[in-house]
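Trainee: sequence plus predicted model, see below.
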Amino acid sequence: MASIKPSTASLIPDWIYHPPVTNSSSSSPAMGLFVFTVGFIVFLGWIISHVQKTQKKLAWLTNGTNTLLQKCTPGFKPFTVTTHGGERIVVPYSFMDTIRKTKALCFRKAISEDFPTHLYGWDTFSMVDHPAEILQKVITKYLTKHLNVVTQPLSEETTFAINHIYGDAPEWQSIKAYDSLLDLVARLSTRVFVGDELCRNEAWLRVSKDYTTTAFAGAGMLSTVPFVIQPIWNLLNPTCRKLRSDFIEATRIVQSITEKRRMLKQEATSRGQPVPIFNDMIEWASEASNGMPYDAAKFQLTVSMAAIHTTTDNLTKTLLLLAGRPQYVEDLRKEMIQVLKEHGWKKLALYNMKLLDSTIKETQRLYPTDKLMLRRKALDNLTLEGVKIQKGQHVNVDNSHLMNPDLYPDPETYDIYRFKKQREQPGLENKAQFVSTSIDNLGFGHGTFSCPGRFFASNELKIALTHLLLRFDWKVAEGETYKPLTPSTSIMTDPDTKIFYKKREFLLKYKNAVPDLEKPSTKQSNTPTSQKRALPERESRYPKRHTSGVKYHESFDEPEAASSRPRKTDEKSDPSYTQDPVDRSDKEKDKCRLRDAFQCVLQHTVEGEVTHIIPFSWNKDEKAIKTTSSVCWGLEPFFSEQVCVELENLLANPAEPGSSDRVWNMLYMNRQLHYWWSLAFFGLCCLGTRPHEEQPDDSTSANDPEDNAKEALWDVEVQFNWLPRRWGKPDDKITLKGEDNGFKEMPKNVIEHQRNGSPVLNHPSGGRIAASRVDTHQPIHSGHQFTLIMPLDDAMKSKMMLDLQWALIQIGAVSGGAEYPELLPDHPDWDEE
């Protein structure tokens with residue numbers, strides 16, 4: 001007989017389907033009472049269970065910090081706690097490197113699940129985990145590369161905002177520290193995020209500030225409500241209603257901007273005019289989405305949530321801590337004045353504010369935003385160092401190592417010099433910077449999911465603090481010290497804390513050193529943002545580029561590099577060239593070869609030589625340096641006075657002959673291309689610099705200076721361009737009206753050449769000028785780009801060398817001087833009187 005597998009129904013007692021028929025009239029009430037009793041017991045158990053969970057969540061909100069202090073003792077083992085956001089596995093900081101490398105642990109999923117994104121008004125937070133990664137792309141590929149051009153506008157907006165918020169204040173006044181600084185940061189961030197149209201729109205500023213505060217408060221309330229009741233609670237609760245109201249207002253404002261821009265573009269197209277370009281996050285998000293649907297208002301609110309409140313947190317803590325320590329403030333002011341005198345409001349100035357950088361990093365160490373960092377959600381079942389983690393569970397790293405005296409001596413003390421001293425130690429220059437991430441400081445996370453906006457936040461903090469400290473004196477109430485609130489495991493400033501301020505009496509030299517400190521820019525315009533930017537369009541748009549290699553190394557066993565003197569082919573040999581009397585640096589050449597991957601940066605051929613961007617002969621000895629100094633100051637029509645000073649420091653320092661023989665002034669190039677470069681058949685234009693997207697592994701030991709030197713790499717974007725020519729000697733007479741080689745014809749030829757796409761020009765003797773990449777066999781056309789990767793300081797110097805070369809080589813091409821190098825400075829006798 002065939003076996004019969006019982007069905008699910010056969011496992012249920014038959015009387016449920018076919019209750020026995022009896023004559024007793026009392027059986028139905030008895031059955032109803034039984035069902036009711038069972039249902040009530042189940043419901044009561046559910047209520048008790050939920051109440052217990054709610055009690056644990058509320059206990060965590062009020063006592064989470066103490067719980068961690070009790071459990072996170074030295075050498076503790078991972079444990080599970082119930083937080084207001086659900087269960088969390090807390091692991092010691094020794095797990096950090098393992099977590100960083102585990103791809104099955106996701107930060108974005110963890111963040112998006114902290115909020116009820118299934119409810120209306122809350123789905124804004126799903127932008128963090130958008131499939132097109134719009135938020136991440138906009139910050140890394142657009143915002144960060146614009147840091148060069150936003151420093152001055154940020155300073156101008158800071159002046160306006162401080163005047164608006166703090167006024168003149170000739171006598172001591174008090175103000176709520178957090179609220180006032182939140183207003184300041186919101187205005188600065190909005191200036192960069194959405195441009196002039198919204199940065200002074202009070203309705204948008206209110207929404208951008210309130211939405212995040214309301215969201216965190218509402219999420220905390222909803223976390224204590226059963227899931228099935230959350231939709232009703234979200235509908236009726238006043239905090240949740242305000243959140244929806246803010247979202248509707250934000251949508252209205254952003255839609256009005258996008259519609260206005262759409263009409264402007266449509267009108268320009270219909271008239272045959274260039275379509276206006278808007279360089280802000282509204283436009284960048286549209287480009288980064290790659291056609292995938294997204295909500296522009298949700299995106300802007302997400303950016304505000306990620307940037308404004310976290311920056312305000314550090315700014316408020318830093319200002320309150322400094323207000324109680326006036327001995328620190330004077331040292332900071334001295335550094336600010338000195339740096340701004342040298343550089344003005346440029347990104348390089350912010351980089352050189354090293355004591356200020358150390359100050360905000362020390363604030364982040366002593367008072368981080370949370371005691372639990374590196375939040376991750378498990379995307380699969382996995383085991384971490386013997387700890388089993390189920391799919392869907394959340395993992396956090398304990399942050400108490402920031403108070404470990406073995407890592408940070410005297411950890412309870414607020415020492416603004418701590419990280420500046422570390423930067424002065426060999427190998428720690430980059431690791432101790434505010435924007436650098438490491439296993440010892442998780443303020444910006446670490447690894448793949450480290451905060452991409454930290455570079456902008458650093459600049460914003462430094463600009464704001466510079467203005468605040470130079471314009472006002474600050475103090476806290478008599479006898480008060482900074483005491484943060486610690487709800488859950490957060491570390492935040494009491495919003496009711498007041499700070500006192502009074503306008504400082506500036507010396508005239510201070511005002512001159514800090515432009516726009518008291519008088520804000522009054523320029524108002526309805527023109528698109530692109531028409532008001534400080535740099536040309538080529539510096540604000542980066543197409544995909546080839547990365548030509550990476551990183552430095554102190555030594556490499558390779559044969560001696562060929563001389564970096566431009567070589568002519570046999571038929572063009574020039575006996576006037578002689579070997580330079582000053583020895584070149586083999587060490588720097590090795591760095592150049594390794595950085596450029598032993599390939600020509602243009603053709604990718606392995607045959608080549610180390611070349612100089614600016615000729616080595618410019619500062620090979622004291623006589624050459626003297627002449628170079630005068631040349632640097634003759635460049636004022638092309639560069640600002642400050643840039644001329646910096647060029648003179650780099651190229652014409654009498655105490656350092658040969659100082660330009662450094663890797664930041666070198667390229668690895670095919671010899672024939674190098675020769676054509678020396679004759680100005682082409683030039684190299686620097687499009688700008690930006691942080692390198694894939695930073696080296698930060699987990700190396702602090703005792704390994706070679707590995708630490710790899711940190712904080714920057715990209716130098718370089719564009720190749722064939723140049724127009726004037727065939728004639730540079731000392732030929734040029735008439736203003738002549739038909740041939742006339743002065744008026746020169747700019748016309750340049751413009752026409754660029755309109756035609758800057759094509760390659762053949763040599764008048766009939767020789768063919770051309771180049772192609774050996775890996776793709778494609779010709780190298782004008783517009784071809786490559787990237788040099790180097791530390792920030794070298795990147796800034798390399799950009800200056802490329803800018804100088806680009807200015808001079810165009811002059812050499814259109815003047816005819818490039819065909820006769822013996823009449824140009826790149827000659828052994830260039831230093832002769």
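Mentor: Yes, it's here. The model shown is predicted, which means the values in this text are computed figures rather than measured ones.

Trainee: ok, residue 404 touching residue 412?
Mentor: No: at 11.5 Å, residue 404 and residue 412 do not qualify as touching, with contact defined as Cβ atoms under 8 Å. From N, CA and C alone the C-beta is placed, and that goes for glycine too.

Trainee: what is the neighbour count of residue 438?
Mentor: Neighbour count of residue 438, defined by other Cβ atoms under 10 Å: 20.

Trainee: and it, how far is that from residue 365?
Mentor: Separation of residue 438 from residue 365 (Cβ to Cβ, to the nearest Å): 12 Å.

Trainee: now swap in residue 654 and tell me
Mentor: Per Cβ to Cβ, residue 654 is found 42 Å from residue 365.

Trainee: ok, now residue 220?
Mentor: To residue 365, residue 220 is 27 Å away according to Cβ to Cβ.

Trainee: ok, those two, which is more surrounded?
Mentor: residue 365 (21 against 17).

Trainee: quick one: contacts for the closest residue to the more buried one other than its chain neighbours?
Mentor: Nearest residue to residue 365, sequence neighbours excluded (Cβ to Cβ, 6 or more residues apart in numbering): residue 402, at 5.2 Å. Shown here is residue 402, whose contacts under the criterion Cβ atoms under 8 Å, 6 or more residues apart in numbering are 365, 366, 368, 408, 411, 441.

Trainee: you'd agree the last one is up against residue 366?
Mentor: Okay, so that is residue 441. No: in this structure residue 441 lies outside contact range of residue 366 using Cβ under 8 Å: 11.2 Å.

Trainee: so which of the two has more stuff around it?
Mentor: Neighbours were counted for residue 441 and for residue 366 using other Cβ under 10 Å; residue 441 has more, 24 against 21.

Trainee: quick one: residue 655 is in a strand?
Mentor: No: read with DSSP: H, G, I helix; E, B strand; the rest coil, residue 655 is coil and lies in no strand.

Trainee: what about the helices in the stretch 351-500 of the chain?
Mentor: Assigned by DSSP state H, counting those that start in this stretch, the stretch 351-500 of the chain shows helices spanning 354-366, 418-423, 454-471.

Trainee: remind me what the second one packs against, helices and strands.
Mentor: Applying 3 or more Cβ pairs under 8 Å, 6 or more residues apart in numbering; DSSP states H and E, we find helix 418-423 packed against helix 354-366.

Trainee: pull the helix or strand with minimum mean pLDDT from the chain.
Mentor: In the chain, no helix or strand scores lower on mean pLDDT, DSSP states H and E than strand 546-547, which sits at a mean of 34.

Trainee: next one: phi and psi at residue 609?
Mentor: phi -150, psi 160 (degrees, to the nearest 10).

Trainee: hang on, isn't it packed against residue 668?
Mentor: Yes: with contact defined as Cβ under 8 Å, residue 609 reaches residue 668; the gap is 7.3 Å.

Trainee: between those two, which one's more packed in?
Mentor: Each of residue 609 and residue 668 has its neighbours counted (other Cβ under 10 Å); residue 668 has more, 26 against 21.

Trainee: let me see the contact set for the residue nearest to the spatial centre of the chain.
Mentor: Nearest residue to the geometric centre of the chain (Cα atoms, centre = their mean): residue 455, 3.6 Å. Contacts here follow Cβ under 8 Å, 6+ apart; on that basis residue 455 touches 144, 147, 435, 691.

Trainee: most neighbours among those residues, which one is it?
Mentor: residue 435 (22 neighbours).

Trainee: ok, that one to residue 648 distance?
Mentor: Taking Cβ to Cβ as the measure, residue 435 falls 30 Å from residue 648.

Trainee: which residue ranges form the helices in the stretch 51-200 of the chain?
Mentor: 96-101, 107-112, 134-137, 147-166, 177-193.

Trainee: out of these, flag the one nearest residue 302.
Mentor: helix 134-137 (6.1 Å; Cβ to Cβ).

Trainee: contacting residues around the closest residue to residue 441 other than its chain neighbours?
Mentor: Spatially, and ignoring its direct neighbours in sequence, residue 441 is nearest to residue 365 (6.3 Å; Cβ to Cβ, 6+ apart). Residues counted as contacts of residue 365 (Cβ under 8 Å, 6+ apart) are 402, 408, 418, 441, 443.

Trainee: residues near residue 173, how many?
Mentor: By other Cβ under 10 Å, 16 other residues sit near residue 173.

Trainee: who does it bridge with?
Mentor: Assessed by DSSP bridges, residue 173 has beta-bridge partners residue 501.

Trainee: could you measure from it over to residue 158?
Mentor: From residue 173 over to residue 158 (counting by Cβ to Cβ), the distance is 19 Å.

Trainee: now do stretch 457-465, average pLDDT.
Mentor: For stretch 457-465, mean pLDDT is 94.

Trainee: now swap in stretch 812-820 and tell me
Mentor: 55.

Trainee: stretch 93-100 too?
Mentor: The pLDDT scores in stretch 93-100 average 82.

Trainee: check contacts around the residue nearest to residue 154 when sequence neighbours are not counted.
Mentor: Spatial nearest neighbour of residue 154, excluding adjacent residues (Cβ to Cβ, 6+ apart): residue 463 at 5.1 Å. Counting by Cβ under 8 Å, 6+ apart, residue 463 makes contact with 151, 154, 155, 158, 188, 345, 350.

Trainee: re the thing from before, tell me the one among the contacts of residue 455 nearest to residue 81.
Mentor: The closest of the contacts of residue 455 to residue 81 turns out to be residue 435 (Cβ to Cβ; 31.5 Å).

Trainee: am I right that the closest one is in contact with residue 454?
Mentor: Yes: the pair residue 435 / residue 454 is scored as a contact, 4.9 Å apart, by Cβ under 8 Å.

Trainee: shared neighbours of the two, which are they?
Mentor: residue 444.

Trainee: with that, I have no additional questions.
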